[in-house]
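J.: return a 3D structure for these sequence lines:
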Amino acid sequence: MAATGDKKHRKGDSFEYRLLMAVSLPIFLVAAMVGRVLPSGAHAVPGERLSLLAEARAAADTYVPFAFMG
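T.: This is a model prediction of the structure:
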């Protein structure tokens, strides 16, 4: 019985993760655009020049999992 509950819980986490990614990706996309305009030169992935969408996805992949810790 416990395994079924755990599996259901993981499926809910998966949905919540995808939902949080979908909500946060536009925010990180705007941040990537602003980062390109500002002369600071800081990028989500140091040393690589990624497309705006790839840079936003890299930032979201970095920060969204922290919502599920704890």
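J.: would you mind giving the secondary structure of Arg49?
T.: Three-state assignment for Arg49 (DSSP: H, G, I helix; E, B strand; the rest coil): coil.
J.: so for it, what pLDDT did the model give?
T.: At Arg49, the model reports a pLDDT of 78.
J.: dihedrals phi and psi, it?
T.: With angles defined as degrees, to the nearest 10, Arg49 shows backbone torsions of phi -110, psi 110.
J.: Ala32 versus that one, what's the distance?
T.: 12 Å (C-beta to C-beta, to the nearest Å). Heads up, the C-betas are built off the backbone N, CA and C, glycines and all.
J.: between those two, tell me which one has more neighbours.
T.: Ala32 (21 against 8; other C-beta atoms under 10 Å).
J.: show me the residue at the heart of the protein, geometrically.
T.: Central residue of the chain (C-alpha atoms, centre = their mean): Ala60, 1.8 Å from the mean position.
J.: tell me what whichever strand or helix holds it is packed against?
T.: Ala60 is part of helix 52-63 when elements are defined by DSSP states H and E. Contact here means 3 or more C-beta pairs under 8 Å, 6 or more residues apart in numbering; DSSP states H and E; on that basis helix 52-63 packs against helix 2-37.
J.: who's in contact with Ala60?
T.: In this structure, Ala60 makes contact with 21, 24-25, 28, judged by C-beta atoms under 8 Å, 6 or more residues apart in numbering.
J.: ok, so of those, who is nearest Ala56?
T.: Sorting the contacts of Ala60 by distance to Ala56 puts Phe28 at the head of the list, at 4.0 Å, by C-beta to C-beta.
J.: what score does that closest one have for pLDDT?
T.: Looking at Phe28, its pLDDT is 95.
J.: residues near it, how many?
T.: Phe28 has 24 neighbouring residues, counting by other C-beta under 10 Å.
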